[in-house]
Structure formats: C-alpha cells, structure tokens
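Colleague: my questions are about this predicted structure, shown below with the sequence.
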Amino acid sequence: MARYLGVMSGTSLDGLDIALVEQTDRLRLLDTHYIPMPGSLRRELLALCSSGPDELARAALAENGWVELAATGINALLVRNSLGPADIRAVGSHGQTVRHEPARGFTIQIGNPALLAELTGITVVSDFRRRDVAAGGQGAPLVPAFHESLFGDGLNHRAVLNVGGFSNLSLIEPGKPVHGFDCGPGNVLMDAWIHLQRGDSFDRDGAWAASGIPQRRLLDTLFADPFFATRGPKSTGRELFNLSWLQSHLARLPRFKPEDVQATLLELTARSIIDALRTAQGRTDDLLVCGGGAHNLQLMHRLAELLPGTRVCSTQALGIDPDWVEAMAFAWLAHCCLEGIPTNRPSVTGAKGLRVLGAIYPA
C-alpha cells in the first residue's frame, strides 16, 4: 500500500485540484482539496499562453507562484488527514500548460517541481508530456490508460469524456487497445464568451446557453476549422481555440444575440464530441463524463439527445466523483513512473512506442 498526491490545474485556470489516493491492487480516492486560483496569477498564466514581453522571467515567477499555491494546498490536505511528508510516496504534478504545439515538437507545462519538492518534503514526479512528444507523439491526452484501468470492465464498449477547458475522449473496447484524442473546445469558449458579455467565470448549469438558440450559420463557420476534420492522434489547446479565434469568425458574420452565441458554442462542444465518437467507435454502451462539463446540465442533456441508445452519465454513476478523475490520474501516473510502467499509448498519441512518462525530483 502506498499513498500518492495528484495535483492538476487545467486550461480553465479556476484553481488547483489535489487528490490523496491509495494504491493497492486498485486506486482508491481518500480525500481531496481544492484551492482557488488567485486572480492575478490566473491573468498572468493566461497571458503566458501567447507571446509577450519578458516571457522567460514572467514564466519563472508565475510557476513559482503556482507551486507556492500547490504546496499550501498539499500541506492543508496532509494536516487534515494527520499525515506527514514521509506518509506520501510521491506527488504527481501536472503543472500548468502554457504552450502545447506538438507539431512543432514541444509542449510546455510550468510548475517548478524542484521547488515543490523543497516546499513539501515529498518526492515530485512531473513533466509527463515531453517524453511522448520526444517519441513523436502528441503528448496528449495522457489519461486514456488511466481511464482504461479505472473504468474498463472487459464487457462494455465505453467512452470516457473529460470536459475541462478542452474535451478529450478515451475509447475503451473489450479486446482492443485503448484509443483516445482531443475533440476540441470543452468549456474554454463558453467560459470566455460569458466572461466577456456578463462578467461571469462560467455558465452555471448551462442556463445562459439554454436561453439562446444555436445559429446554424455561425456553427457551420466554426466547424469549418480544419481541426475538426482531422482524425486522431490529435490534441489542441488555447493556441488554436480562444476568444480571438471566436471573435475573428463573429466579425465576418451578421450580429447575433449574445445568448445565441453561447448556445452555438455549447452546440459546437456537444457536436464535436459526438461526431468524433461516432467516427472512432461504432458502438458505445456508456458515455462516462468527468471534469467541469459534467455539471453543465444543458451540455449533458444535449449529449444524451445526440447519442440515443447510449447511457450518458457522469463517472459518479460508477462511484468516482467527476471533479477528481484528472487529479487522480496524475497520482497514478506518478506511481507508474516510480514503478517503471509505461503509461503513454501509441494508439492515442501516435508515439513510436510505449514510454515511461515523468521526471523524478527526490525529496
């Protein structure tokens, strides 16, 4: 028995998810901690997703701020569980993605693992994506192997859908290697649009989108992006799908009601997921949803409408809280790294072969 911590902050940049798990024959979630992202740090991390002045120094300072936040959350979680650093085998830290361009041979997650090891007194495993990219892969998504270990039952044809800032699918079919890829925008465009129009950080329950009407002309224009016609392996990020991308399309079309734009963005997310799923997997018994999108009632309703005959539900139906699947995944990845177990999947990323992922920073 060994305990691990998984630390994850996704493209939504709302905060850090920290999961305490126990690894025996199966991973078990023991406790969780969420720590909101301070506004100043969030703005700086967002700014670093595109070129700007003095980037190297700003990135170094931002990652130290991210690590200090993570260390605060980790220490709070340990205190609450009456645990010390010696009780944790390792922290699996994803870091914060600021650039992801595998076609150009790089992906960048900042998060100073050396400082995190220093502040917590715990071995840190990080930098999970770059070995796969070095082997010719996309470096993303990383979670399909974990999804297979957690949700595969050898009987049902399942798809695990993570909807954070972006959406990705893991396809689990009995007797076949796990498959997976990024589908496109998850919450990123909806969050950006509602923040621009109403000052809200997200569309609670998808209520604002539900008040609008999807606009076919706008939807067709957005879907014309070449990314959607590309089959996996593929991955994406803010480098492609961002507010400027949306506004550039809106500028060439008649003016739409803001709520209709939101409804169209939700439709884009739902349809890009279902179209990709139908193309890649002929039969799907269960679509298991995790990430923040699992709480968007309008999105969940639309996914179910577009996929009749398939059970569409959150991972909670199988006893796993949808908010913590990603953080658990990076705890599991840390475990596999220390054990020398390969966790990339060439069928997912397009890498030349299996690789052990992660770099180890001893306590």
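Modeller: Great, that's in hand. Computed from a predicted model, the values in this text were never measured in an experiment.

Colleague: tell me which element Q109 falls in.
Modeller: strand 106-110 (DSSP states H and E).

Colleague: I meant to write A263 there.
Modeller: In this assignment (DSSP H and E), A263 forms part of helix 258-280.

Colleague: buried residues in that helix?
Modeller: Neighbour-count burial for helix 258-280 flags 259-274, 276-277, 280 (criterion: 16 or more other CB atoms under 10 Å). For the C-beta atoms, the positions are set from N, CA and C on the backbone; glycine is no exception.

Colleague: run through who's touching the strand holding Q109.
Modeller: For strand 106-110, contacts defined as CB atoms under 8 Å, 6 or more residues apart in numbering pick out 48, 59, 62-63, 66, 94-101, 126-130, 133, 139-140.

Colleague: swap in 6 Å and give it another go.
Modeller: A59, E63, G95, Q96, T97, V98, R99, H100, R129, V133, G139 (CB atoms under 6 Å, 6 or more residues apart in numbering).

Colleague: burial check on S126, number of neighbours?
Modeller: Residues lying near S126 (other CB atoms under 10 Å) number 27.

Colleague: same question, D31
Modeller: For D31, using other CB under 10 Å, the count is 15.

Colleague: may I have the secondary structure class of it?
Modeller: With DSSP: H, G, I helix; E, B strand; the rest coil as the basis, D31 sits in strand.

Colleague: just the pLDDT for it.
Modeller: With respect to pLDDT, D31 has a value of 97.

Colleague: tell me the contacts of it?
Modeller: D31 makes contact with L20, N81, according to CB under 6 Å, 6+ apart.

Colleague: report the separation between the residue nearest to G92 when sequence neighbours are not counted and I108.
Modeller: Distances taken as CB to CB, 6 or more residues apart in numbering place A334 nearest to G92, at 3.1 Å, with adjacent residues excluded. Between A334 and I108 the computed distance is 20 Å (CB to CB, to the nearest Å).

Colleague: so these two - more neighbours on which side?
Modeller: Neighbour count, other CB under 10 Å: between A334 and I108, A334 has more, with 30 against 17.

Colleague: can I have the one helix or strand that one maps to written out in CSV, keeping just the CAs?
Modeller: Assessed by DSSP H and E, A334 sits inside helix 325-339. Coordinates of each C-alpha in helix 325-339 appear next as CSV, following Å, rounded to 0.1, in the frame of the first residue of the first chain:
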residue,chain,number,x,y,z
VAL,A,325,-10.7,12.0,-12.0
GLU,A,326,-7.9,14.1,-13.6
ALA,A,327,-6.1,14.8,-10.3
MET,A,328,-6.3,11.0,-9.5
ALA,A,329,-4.8,10.3,-12.9
PHE,A,330,-1.7,12.3,-12.1
ALA,A,331,-1.3,10.5,-8.8
TRP,A,332,-1.5,7.2,-10.8
LEU,A,333,1.0,8.5,-13.4
ALA,A,334,3.5,9.2,-10.6
HIS,A,335,3.0,5.7,-9.2
CYS,A,336,3.6,4.2,-12.7
CYS,A,337,6.7,6.3,-13.3
LEU,A,338,8.3,5.2,-10.0
GLU,A,339,7.5,1.6,-10.9
